[in-house]
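Asker: the sequence isn't on hand, but the structure is:
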């Protein structure tokens, strides 16, 4: 029986990580060569971890579902990466970055983890520059910065609108160097379908070769899950189409507890939904809020005229525009955190001021910035984003404002990990978006890249050594054992069962239905009533799925429908877990907004007396309610207060 | 919109492929090209047929996973976009659209429209990196880099590794892909240290993997979804020749 010990070291906040590093064990080079590590996923977390562990001398096997490690969804991150370098002399510091992150997360993250994140962030920038990441620079040759939501300093480093791509190519290059050296072996187009646990410890995985459909067994002394988030449970999200929660969910099924599943980030600036044929939503970077101003018309007659096409946005005079973020939050204006900006957009649209035909859109306008700086400066800053917008919508954002609306973007919840990033299964680690640890109930912009790389480059490579130091005499893990046999048999049976149903509806059709329930009832505004309804509806949908899905083709071939079906099986359970978690949390915090709990001004109303804890769920079998465990959060330095972005 | 689709179907790498014709109806001009294929696949599954396999992931033009040769052009008729960013408003009601996988000896077909591009990984493994380990690096601002150099490095680094350049080239050359990486690193002081070794190793690996020679037709540049310039090929040639000179 696992227990929740966060293993946060004693001592003052700013000394914890240093003291911990000094106290934990290391493995000698000669012994590292004898130890095997499996890494699942090749985004910023997994790519950085696999490369760094390979450099240290471990034998690493790294798996990704795409044809190349470089495709991981980290690549799509646009805006930037935070670090408290204070290069702008604007009084930034490790403490300020820590404080902004804890506050931005609405006081639902672990202080010690967040402080460590802020502490190692500076090294990430150094590392990436050394790898040849072409960050934006000033004319003097030094690095440029910009601002992101939830911060009043400029601490975000960026590479045009492709920061995630450039950071990932850096990690991927480091990974390639290790592949060439032979310390890392790469398995593209392989999907982990189960984690194998023996004697209570992680021993390896079963993976499906996506080209041939064959099951393959891999043993290791430790397994690292870096498979990203589960936002695609909503069907429509900004996540890549193949992003999924299945690797993490198998860990949950095998005994790794799952934390804060209901904490979902709805990003305020995405291209609105256009119709029922849509497959995914496209993000417009938060960096646009540096220069873009968000508004809707003040007068309902203007709203109607815009919807009917009688007026264009540019026809509405300044005095008739409601820059509602600037009005409600003067101190942060358009750069309030994402949860606040998303709810404010929803509030205006619910009041009837949405500006497109569906009534679910607001303007993001660059008119003021273009007048102040000129179109060329705006093009240099955001050219690729403007081009992306025009290609999708056929509207030129240099002339007419963008239309945007919130969309599912990131999941703060994930596998529970202790300070060492180890899950409740010894030897199983979770890093990056796959774990729950650093962002509380809301992640600040430009902090996902920071966390992925912090975990992969600078935290896990230290902490995993402490565990592996006890394994230096352990032999190679055998994969012909009963535990591996059983895991493989269960997967084969699951796939055979899916193929045998031959029902009337496709996987996508079920996924859309699930997404609809999730968005309506477990989305931006949740209530006891909606969540209870969702739990019933998801259970029903799951039953229908297992009776009536049609999965064409066979297992022993390249079969994308089998891949999607297996992922949806997990989403159909994960969605219910999210609803249960949201129902349990009788408060509003960050991205979790319960309509019953709000201030008279419509701000999230936290309940620190009863809910200042991490909700950690233990799997109890299919069709059994999971058990809730609580990790109480203690704030020794950043004392919880209502978040104020007004003054 | 109603459309006729001629799509390359091939069961696996060893099977012989052929074109099959399908019809799709009621497609909105605001639908993306890949969403149109989603609609086709949903229809095929309902008809008890096998859906068309195609690679895709981010659907916003950055992961490089989608491919497709559409009416004889890599990533279709629009310029500087990937297939996932192509929208049906670029076609007319009643059009016949021919869809093929990338055709290149170095990119074998996996199934239907899906190809294997691991050759690109192998080229980068040969030298597409700066040899620094994690940790122990200098402060990020200790090496000033002129803004124009950083910008030019970023221009080249925008490559998404999709393979359109290879698919478009009549020789199946990967010169633009290799040049983008070599050039991006060569423009930065961090990358200069190993520039000679890198250029030689990557070119040698490209040749070994069966990519063709560059004859400067410029087709790759015209079809690159990220608009990467063949000026980078000139820099690669320069780096390569000066490296050979030093031998």
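Answerer: Looks like it arrived, so ask away. All values reported here derive from a predicted model rather than from experimental measurement.

Asker: find the least confident helix or strand in chain B, judged by mean pLDDT.
Answerer: Least confident element among the helices and strands of chain B, by mean pLDDT, DSSP states H and E: helix B:231-246 (a mean of 91).

Asker: how far away from the center of its chain is that helix?
Answerer: Computed by CA atoms, centre = their mean, to the nearest Å, the separation of helix B:231-246 from the middle of its chain amounts to 22 Å.

Asker: and it, what's buried?
Answerer: Buried residues in helix B:231-246, counted by 16 or more other CB atoms under 10 Å in any protein chain shown: B:232, B:233, B:235, B:236, B:237, B:239, B:240, B:243. C-beta here means a position set from N, CA and C on the backbone, and glycine is covered the same way.

Asker: who touches that helix?
Answerer: Helix B:231-246 is contacted by residues B:156, B:175-176, B:178-180, B:182-183, B:186, B:195-200, B:203, B:214, B:216 when judged by CB atoms under 8 Å, 6 or more residues apart in numbering or on different chains.

Asker: of the buried residues of helix B:231-246, closest to residue A:276?
Answerer: Relative to residue A:276, the closest of the buried residues of helix B:231-246 is residue B:232; by CB to CB it sits at 42.6 Å.

Asker: and stretch A:629-637, how far out from the chain's middle?
Answerer: 22 Å.

Asker: how much space between residue B:233 and chain A?
Answerer: Distance of residue B:233 to chain A, computed by CB to the nearest CB, to the nearest Å: 19 Å.

Asker: oops, could you answer that again for residue B:115 instead?
Answerer: Residue B:115 is 8 Å from chain A, where distance means CB to the nearest CB.

Asker: what's the first-to-last distance across stretch B:84-99?
Answerer: Start and end residues of stretch B:84-99 are separated by 14 Å (CA to CA, to the nearest Å).

Asker: pLDDT of that stretch, averaged?
Answerer: In this model, stretch B:84-99 has an average pLDDT of 97.

Asker: go on, stretch A:431-440?
Answerer: Confidence for stretch A:431-440, expressed as mean pLDDT, is 97.

Asker: now stretch A:556-571
Answerer: Per-residue scores along stretch A:556-571 average to 98.

Asker: list the buried residues of the helix or strand where residue B:155 lies.
Answerer: Element membership for residue B:155, per DSSP states H and E: helix B:147-157. Buried residues in helix B:147-157, counted by 16+ other CB under 10 Å: B:147, B:149, B:150, B:151, B:152, B:153, B:154, B:155, B:156, B:157.

Asker: other residues contacting it?
Answerer: By CB under 8 Å, 6+ apart, the list of residues contacting helix B:147-157 from outside reads A:132, A:134-139, A:141, A:159-160, A:166, A:169, B:179-181, B:183-185, B:187-188, B:228-229, B:232.

Asker: how about the closest residue to residue B:209 other than its chain neighbours, secondary structure?
Answerer: Closest residue in space to residue B:209, ignoring its immediate chain neighbours: residue B:119 at 4.6 Å, by CB to CB, 6 or more residues apart in numbering or on different chains. Secondary structure, DSSP: H, G, I helix; E, B strand; the rest coil: residue B:119 is helix.

Asker: again with the one 3 residues further on
Answerer: Classification of residue B:122 by three-state DSSP places it in helix.

Asker: please report the distance of it from chain A.
Answerer: Distance from residue B:122 to chain A, by CB to the nearest CB: 9 Å.

Asker: that residue: what's it in contact with?
Answerer: Shown in contact with residue B:122 (CB under 8 Å, 6+ apart): B:205, B:209.

Asker: where does it land on pLDDT?
Answerer: Predicted confidence (pLDDT) at residue B:122: the value is 98.

Asker: same check on residue A:2?
Answerer: The score at residue A:2 is 59. That number is its pLDDT.

Asker: which stretches of chain B form helices?
Answerer: For chain B, the helices defined by DSSP state H cover B:33-46, B:118-125, B:147-157, B:164-168, B:175-186, B:189-192, B:195-208, B:219-223, B:231-246.

Asker: the bottom helix or strand of chain A by mean pLDDT?
Answerer: Least confident helix or strand, chain A: helix A:375-393 with a mean of 90, by mean pLDDT, DSSP H and E.

Asker: so residue B:206 is in contact with residue B:174, correct?
Answerer: Yes: using CB atoms under 8 Å, residue B:206 is in contact with residue B:174, at 5.1 Å.

Asker: common neighbours of those two, please.
Answerer: residue B:123.

Asker: those two: who's more crowded?
Answerer: Legend: neighbour count by other CB atoms under 10 Å in any protein chain shown for residue B:206 and residue B:174, higher for residue B:174 (29 against 25).

Asker: which ones are touching the nearest residue to that one once chain neighbours are set aside?
Answerer: Once flanking residues are discounted, residue B:174 sits nearest to residue B:211: 4.2 Å by CB to CB, 6+ apart. By CB under 8 Å, 6+ apart, residue B:211 lies in contact with B:104, B:105, B:106, B:119, B:166, B:172, B:173, B:174.

Asker: can you tell me which of the residues you listed is nearest chain A?
Answerer: Checking the contacts of residue B:211 against chain A with CB to the nearest CB, the nearest one is residue B:119 at 10.2 Å.

Asker: show me what contacts the residue of chain B found nearest chain A?
Answerer: Residue nearest to chain A within chain B: residue B:144 (2.9 Å; CB to the nearest CB). Applying CB under 8 Å, 6+ apart to residue B:144 gives the contacts A:140, A:141, A:142.

Asker: contacting residues for the second one?
Answerer: Okay, so that is residue A:141. By CB under 8 Å, 6+ apart, the residues touching residue A:141 are B:144, B:145, B:146, B:147.

Asker: what's the answer for the last one, then?
Answerer: Contacts of residue A:142 were listed using CB under 8 Å, 6+ apart, and they are A:87, B:141, B:144.

Asker: which one of these is nearest to residue A:7?
Answerer: Nearest to residue A:7, judged by CB to CB, of those is residue A:87 at 34.0 Å.

Asker: who does the residue nearest to residue A:427 when sequence neighbours are not counted bridge with?
Answerer: The shortest distance from residue A:427 to any non-neighbouring residue, by CB to CB, 6+ apart, is to residue A:202 (3.9 Å). On the basis of DSSP bridges, residue A:202 is bridged to residue A:197.

Asker: Three-state assignment for the closest residue to residue A:559 other than its chain neighbours, please.
Answerer: Setting aside the residues directly before and after it, residue A:559 is nearest to residue A:553 in space (CB to CB, 6+ apart), at 4.5 Å. Classification of residue A:553 by three-state DSSP places it in coil.

Asker: list the contacts of residue A:553.
Answerer: Going by CB under 8 Å, 6+ apart, the list of residues near residue A:553 reads A:499, A:559, A:561, A:562, B:50.

Asker: same thing but at 7 Å, please
Answerer: Shown in contact with residue A:553 (CB atoms under 7 Å, 6 or more residues apart in numbering or on different chains): A:559, A:561, A:562, B:50.

Asker: which residues does residue 200 contact?
Answerer: This is for chain A. Going by CB under 7 Å, 6+ apart, residue A:200 touches residue A:426.

Asker: should've been chain B
Answerer: Contacts of residue B:200 by CB under 7 Å, 6+ apart are B:240, B:243.

Asker: return the distance of it relative to residue B:207.
Answerer: 11 Å (CB to CB, to the nearest Å).

Asker: need phi/psi at the nearest residue to residue A:65 once chain neighbours are set aside.
Answerer: Spatial nearest neighbour of residue A:65, chain neighbours left out: residue A:191 (4.9 Å); criterion: CB to CB, 6+ apart. With angles defined as degrees, to the nearest 10, residue A:191 sits at phi -120, psi 120.
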